Every structure is written in C-alpha cells, then in structure tokens.
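# Fold the following and give me the result.
(2 chains)
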Amino acid sequence: MNQPLRRLATVVIAMFIALMGAATWVQFVQAKDLNADPRNARTLYREFGNARGPIVVDGKAVAESVKVDDPFNYQRTYTDGDLYSALTGFYSIVNGSTELEYAENDQLTGKSDQLFFSRVRDLLTGRQPEGAAVETSINPAAQKAAFKALGDQAGAVVAIEPSTGRILALVSTPGYDPNDLAVHSSKKASAAYAKLVDADGNPLRSNATRETYPPGSTFKLVTAAAALESGDYDESTELPAPVRLDLPQTTATIGNFGGGGCGSDPITLADALRVSCNTAFAQLGMDLGDDALREQADRFGFDDPDLTIPMGTATSRFPADANPPQTAQAAIGQFDVQATPLQMAMVSAAIANDGRLMTPYVVDRVRAADLSVVSETKPTLKSTAVSPGTAAALTDMMIGVVESGSGTAARISGVQVAGKTGTAQTAEGQAPHAWFTGFAPADKPQVAVAVIVEHGGNAGSEATGGRVAAPIARAVIEAVLNS
Amino acid sequence: MTTIEPHRVRAGRGTELGLLLIALIIGIGAYALVGLGVEGEVPPDVVGYSAGLAGLALLMHVVLRWRAPYADPVILPLTVALNGVGLAMIYRLDLAYAAKANHDHGFAARQLAWTAISVGLAALVLVLLRDHRTLRRYTYTAMVVGLGLVALPLVPGIGQQINGARIWAHIGPIGMQPAEFAKIALAIFFAGYLVTHRDTLALAGSKVLGLQLPRARDLGPIIIVWAASLAVLVFERDLGTSLLLFGMFVAMLYLATERLSWVVIGLLLFVGGAMLAATAFSHVGARFEAWLHALDPAVYQRTPGGSGQLVQGLFGMAGGGLFGTGLGQGRPDIVPYAESDFIVASLGEELGLTGLMALLMISLVLAERGLRTAIGVRDGFGKLLAGGLAFVVAFQTFVVVGGVTRLIPLTGLTTPFLAYGGSSLLANWVIVALLLRISNDARRPAPDVPALTPAGGIPALEPDDDPTERIGTVR
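Residues are numbered from 1 along each chain as shown, chains lettered A, B, ... in the order given. The predicted structure is shown next:
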C-alpha cells in the first residue's frame, strides 16, 4: 500500500501547489484590478479612513473631517453647506465627489506628489496620514452678501479681484447641504442625491461656473471693446439707432427694449451702451463682422474649454461662422452666444485691470497638516483683452451706465461703480434672465462682479438686469469694500 | 543471510518541545500584534492567554511522553501553530465587530474554550486508545454512527437550516455540525471495510481504453457511498461535505486497491452527479455560476446565491497583497463570515500572500506527516486509517481555500484548525490524536521480530513492500 500512499502524497502536494498558485493569482497577479474595482469598499475605507484635509475660507474650515465612531472613522462635515456648496461641492461614499472636493482630492487626501515627504514621515513615524488644507480666496462677507441678496431666486454670483484673478465670491442658488450627501449611510446618501437630482433648478450643478446662459446686453461690453480696439471708433462715435433694425437676408428685425427708440438717432457709442441700445449695437456688430467679435470675445476668455479654477467650468461660446443677421443678434448677446457668470465677471475684471485678464482661481494656498505651505497660487496673466486706453474708455462708459443709465440700482454713495446690465431673452413665453456685471471703485478697482438671476427671479417678466441683478451686485461690492 | 540491525530510533520528544515553543511564539505573538494593531496596546489578558495556550500545548506534550513516546514530533507543533494563528485572527475579528456594531460576539473566547475542550478530548483519545487496531473491531458500528451523523441534520426538530444549507444539528442547547465527526467515523469504517475486502475489490474486470475496470458486482460499495454523498448534496444542500466524504472514500479505495480505475470511476460518478444536481437544483447551479462569473455585476448583486461574499473575500486578499496590511490594520470584517468560512481571506488580507503561503505550508506539512505515518505503520488498517485521515485534512483545506481563492466553486466547509467553529476544532483535534497514536506505532522500534530468512522460495523483503502481508504468509 506504500506506493499508492506516495502517489497520494504527491497528489496532496499538487493540491497545495494549486492553492498557492490561486492565492498568488488573487493577491499578486490580479490584485491591481481587484483593488481598482469600484465595488471594492476597501479602497473607499482606506481613503475615507484617513483624516481628509479641510477646505478653508478666511481661516475657518467650511468642510472638514470630524472623527466619528463608525467604520470610516471620519465624517466629512460642512459648515454653512448651502452657502458654500458651489465652492466645496460634496464628498460622498456612494455619490462620489464634485467641485473642490473633487478637483483638490489629491491634496485633501494627502496623495499629491507635493506631499511626498509628509507621507514618508508619516510612514516612518507610524502617524496616521493626514490630508492637506486647501485655503480658498473666498471673502466670506461677499459670499454671504451674494447668497442673501439672491435669496430664494435661482441664479449665481461671481466676484473676482481684478488685479489677481482671486475669486472672492462663488455662489449658486439654489444651493444644497453637502452634509446630506456625505452621510455614511448609503441609503440616506442615495435618497438625498436622488432628491437633489429631481429638485427644481438642478442644485447639484453650480450655476456660477458650470451653466451657460445667453449674456444679453452685458455682451455689448465685448462688442464695444471690439469697436474701440478696431481704432475706427471712440466713445463719441455716432452710430445709427433706429427704432427697428431690418436685418439683411431675412425678414427678421431687431427692436429695442420696450419697443421704442434709444433717445436719439444717431447716438454716440457711450450713450448707446448707457441706455443699452440694441439697434445701434446690432448694426455695429454687423459692421465689425463676426470674426472681430469672436476674436475680442476669445481675448476675454470665451471658447476656452480648458479653464479650471481648479474646478472645471463650462465653456462660454461665441458662435463660429455667424452670418450677418446672426452676427447682429450675437453682438447684443443673443443667438448662440453663451456665457457662464464666471465669464462675465472675467469681462469686467479685465476691463477693471487695464485690459489685462488675470487667470481666475479659488485656491490661495495648500497647507500640509504640519502647517507648512505646500503650494501657493501666483496670479498669472491669462490674456491681454484690450489696450489700457480701450479699458479706460470702457470704464468711462460703464460709469455712465450706473450713474445715469440702465444700471442706476447699483449706485453706491461715495463709490464710483462701473457696470452693465443685461436682460437676456430665453425661450418664448419665459421671463428673461436678469444680468449685471461691473466693478468698483472705478478708479482703483477692488472687485469685479457678475450676477445672474434666472428668468427674472421674483420679478418675473417685469424683470430687467437693472432692476433685479444690479442691487445684488451692489450688495456684493459693498461687502467687499467694507471688509 | 541478512540480519536486521535494530537501529536506535530517536523518539523526538525533545524536538517536539522545541518546535512547540516556536509554535507558541507564533500564536501568542499574533495575539499580541492584534492588540497592538487594533487598540495600540498589547491585549491586557496576554499573560493569561499565553499561559492557557502554553498549558494546553504542554498537556498534550506530557500525554505524548506518557502514552505515545514515539509519536511524530512535528504534528503537534504544526497543529498548535495553526490553532494559535486562527485564534488570533478570530480575536482580531471580534474587535472589528465590536468596533462596528458595539457588540462583542466573544468568538475568540469561545474558540479558546473549544480549543481547551478539543485538546482535552485529544489527550483522552491518546490515553484511552492504546492501540489504533482496536478501532477495527468497531468497523460496522462506525458505519452506523457515521451515516447517522451525516443524516442527523435531516431529523426534524434536531436539524436546522442555516443560510440554505442543512448542516447543523441541535441537541438541547448544544449545536454542532455532525458531518465533521462523521468523517472520522466513516474513515474508521472505510479503513476496516476496505482492509477486509481489498482483494475482492482489486480483482480486475474487463479492460477499457487501457484501464483495468473492476468487476461490475464489486461496484456496490462505491455506488452506496456515492448515493449517500449525493443525498447529502441534495437534501442537506451541502456541496462541501458531500465532496469531502466522497473524496475521502475514493482516496482510501485507491489506497486499498491500488487501482486507478476506481479513482476514475469515482471522479466520473461525482462530476456526473454534481452536474446533474447543478442542473436540477438551483442552489447548486447558483454556486457554479457564482464561481464562473463571480465578477459579473448581475451575479455579484444576486441575493441569495450571488458571488458577493466570494468577491468581497477576493477584494480583501487583493488588498493584502504580497505582505498584507498587518494584523489589525485591514478590513477583513467587511466579508460576511470572515471568522469561519472566510478566515482564509481574512488571513490573506492581514498577513498577505507571504503569510497565507506559510499557513498553507504548515497545513501541507501536517498532511504529509500524516501520510508519512501511514507509510511507516505496519498494519493495513492503520495505513488506510492514517492515509484517509491525513488526506481528509488536506482535502478539506483544499476545498475551502480553493473555494475562497476561486480555484473551485465555493463550499461551506471550515478551514481545519484556523476557522471558528467548535465541531470542526474538536473533530480535527481528534484526527490529530489518532494520527499521533498511529505514528507512535509507526515510529516505535520493532519489538524482537524473528529474523526473516529467505529460504524455501520465499522472496526477500523489498524495502518498499508492505511487511504485514509478507510476514503473514511467512507465518
């Protein structure tokens, strides 16, 4: 019986070699794929189990990881979640992450290459790794003023420091409370997510950066800039301003707001901007041509799909290949012109900064857990939008808008405000979007702002940019200047 | 004329003590590391725990010195090492469950109690069973007991269905998995039956495709055992036990008859039966599908009968990688039944491929020492019994670890000595006691056997030959 026993011993060895092979297959060969499998909760636990760095506004954490007694060890907690939801986004086990939580994930988790030495130190000392803190450029007073002024109206506010591109306010309404999505109960988190997806106004999408709107008359700043840059026009150049402008190649016409004239015909470029004369600007756009308008728009930041702040943004567009009637529409911010509120704030910021458009950003610096600065954002020039002379002329014209034009609601006593209103037609039968973009103080700008109130907000079809959006801009400008 | 020099055999008890020390260091070290990994400090009861574990190991050692001084010196340390590592892992999972649900299951404390009872029972077996050949007298009693135990979960009022499988029996307050004990009883029965009938079974019938088939009339026993295994599969829904008992029978049949045809017939019968069952019974079919398409989202999410648990186990092992997360540093508690059916995945996660390989090596050496015992022992019954028991331990490890690593379909067996479960621990310690008992016989220097003289046409002994048979003819 010894021969079969020896054979059986060989069989047993073969069985164990097969087991070791299978274990090697799982733990070594396939390990990478298995670890990357989205169903593998361990990867999540590893990430969620570490202290994620906070997102900081003016020295206070608006998103931080709080130690809790559950398997994940840390609960992501948001202070004033609604107020900052467009900035922080959310960080959720079941729903993923968005906005800064997504864009700065490597820093917040401590995985970034820049944090390599911190990690090595944690490994050697056996300390629990901690993520880095992301310090934002947001001015809490401006953020709160914008949020409060928007109230229950759907819309967005973006405020930028013109000389640097630092974003001072980034508000989208309706907001949402990221705490609801960050809960560890996947049932509750999924339910909260489903509710927000179905909610009116798409709260999960930031209106400030990820939604584009027809900019309406605020786009006349771009058209005026193109005219001034062409060298053929100045502030006092007279433009034809009929009650109705017949468009070539079609039977369509363009009229003015309210259906009347623009006060005089012809009208100076400055007055045309001040009263927001559609027919004058439509004709001006056709005279300049769509290529000149597109080139000017692009220098203000349109048609740039790679703009990140560091969150991704929707691309603002000036239509390619517009024929003359379309160009006429586009020159007054209609037809297929689309802009994010961020984009329109960039237009004002460039004008405010002598024509130099600074790259907008929300992250001032990243600080490791030991408070050492890991990285600091240096302001960079994105493009030269217009010459300083053109910028000065545009500023003068925009002061006129606020002093005695369509934007008087943005006036602040003791401070010269420059701005432009917009009332953008949307679909038939729907109230127009109310826009305002501008900056202050006009002589030494500290803040550029863009405001949109979707479909006129509470004013409905009675809404104009001057009536609905300009007071919100004023509140934000006051908040920045007073802080 | 040849004379056999009675060479001195080293009993090996000193070696055993040294190896036991290493095994205890592994087990107690793992226990202390669990505390350090989870709580940041050595468990407060580490001294008492160490004393308890060492006391149990020493008890067995002393009993061996007293009752089986020539027993194999490697088997006990290997068992203690596996049992110790298993205990540490179960304790680790206790801590994880307590942290998660604020409820201390106390698995580790119970497993430790079961270890004590098991060691006590093993010692009792060594003390009471002076000669393993005594067991041959109980061949048919063992059959009745074995089949009775297998059928016990089917008895209304006693049997209990848990997670689809009917493998538990409750008598009063005590619950057990009778199949674990049935494998011992059936091993005794198979050994006793086969040693008597081996000649008949080995008789060759017709030859088909180069394979000597047994005579049709001798197929009876294998058909009966096959039917019993299928009954287990069908009525108790227990693929693991079914496979285990049938595998043990085929292996022992091969040992007894030396005929490969029995193995082929056995395998064909089992595969055929299992495939039939897979098509006829959804729960068996689901097991196969969960094995073949484990990562398929639809199969993964299906409950019950999906591959969720299996895949979670794979995730855990993959997370451990080559060197593991370290004891107390992983998340083995995510896998359902991490302390019993999936203890191997838990160990793979926290000890890594390296640790798992080491544990598999220990199990392999344990089985090989058992088979070595079978080769060394002189009587046919002892050879069959030791061979069968050693194989069943190895085969059970293969079926479980193979299931968890997706080598074969997953079954509901426990990993010998590592997994949580009193029945399994008791039964496997008794197997170890029997192997130790038989190995004592195998390694004991032969008493003064009259020198064999090759005369009268009796061929000389070949070293590989089975002496019992030859001596029998001489006498």
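# does B:Gly52 really touch B:Leu112, like I thought?
Yes. With contact defined as C-beta atoms under 8 Å, B:Gly52 reaches B:Leu112; the gap is 6.8 Å. Just so you know, the C-beta spots here come from the backbone N, C-alpha and C atoms, and that holds for glycine as well.
# Looking at these two now, which is surrounded by more residues?
B:Leu112 (19 against 16; other C-beta atoms under 10 Å in any protein chain shown).
# wait, that one sits on B:Leu87?
Yes. Assessed by C-beta under 8 Å, B:Leu112 is found in contact with B:Leu87 at 6.2 Å.
# Could you look up the SS state of the closest residue to A:Asp304 other than its chain neighbours?
Of all residues beyond its chain neighbours, the one nearest A:Asp304 is A:Thr315 (6.6 Å), with distances taken as C-beta to C-beta, 6 or more residues apart in numbering or on different chains. At A:Thr315, secondary structure determined by DSSP: H, G, I helix; E, B strand; the rest coil is coil.
# which stretches of the stretch 1-150 of chain B aren't confidently modelled?
Scanning the stretch 1-150 of chain B for pLDDT under 70 picks out the ranges B:1-9, B:101-102.
# tell me, what residue is most central in chain A?
Closest residue to the average C-alpha location of chain A: A:Thr209 at 2.4 Å, with C-alpha atoms, centre = their mean.
# residues touching the closest residue in space to that residue that isn't next to it in sequence, list them.
Using C-beta to C-beta, 6+ apart and skipping the chain neighbours, the partner closest in space to A:Thr209 is A:Thr313 (4.4 Å). Neighbouring residues of A:Thr313 by C-beta atoms under 8 Å, 6 or more residues apart in numbering or on different chains: A:Thr209, A:Arg210, A:Leu307, A:Thr340, A:Leu342.
# got the CA positions of stretch A:165-175 in PDB?
Extracted in PDB, the C-alpha atoms of stretch A:165-175 (Å, rounded to 0.1, in the frame of the first residue of the first chain):
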ATOM      1  CA  GLY A 165      -7.900  86.800 -10.500                       C
ATOM      2  CA  ARG A 166      -8.700  85.700  -7.000                       C
ATOM      3  CA  ILE A 167     -12.300  84.700  -6.800                       C
ATOM      4  CA  LEU A 168     -13.900  86.400  -3.800                       C
ATOM      5  CA  ALA A 169     -17.500  85.100  -4.100                       C
ATOM      6  CA  LEU A 170     -18.800  82.000  -5.900                       C
ATOM      7  CA  VAL A 171     -22.500  81.500  -5.200                       C
ATOM      8  CA  SER A 172     -25.000  79.400  -6.900                       C
ATOM      9  CA  THR A 173     -28.700  79.200  -5.900                       C
ATOM     10  CA  PRO A 174     -30.500  77.100  -5.200                       C
ATOM     11  CA  GLY A 175     -27.700  75.500  -3.200                       C
END
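# Which pLDDT value does the model give the residue lying closest to A:Ser97 once chain neighbours are set aside?
Closest residue to A:Ser97 apart from its sequence neighbours, by C-beta to C-beta, 6+ apart: A:Tyr91 at 4.5 Å. pLDDT, A:Tyr91: 89.
# From B:Phe107, how far off is A:Tyr91?
Distance, A:Tyr91 to B:Phe107, using C-beta to C-beta, to the nearest Å: 35 Å.
# more crowded one of these two?
Neighbours were counted for A:Tyr91 and for B:Phe107 using other C-beta under 10 Å; A:Tyr91 has more, 27 against 19.
# Make sure that one is actually in contact with A:Ala103.
No. At 11.6 Å, A:Tyr91 and A:Ala103 do not qualify as touching, with contact defined as C-beta under 8 Å.
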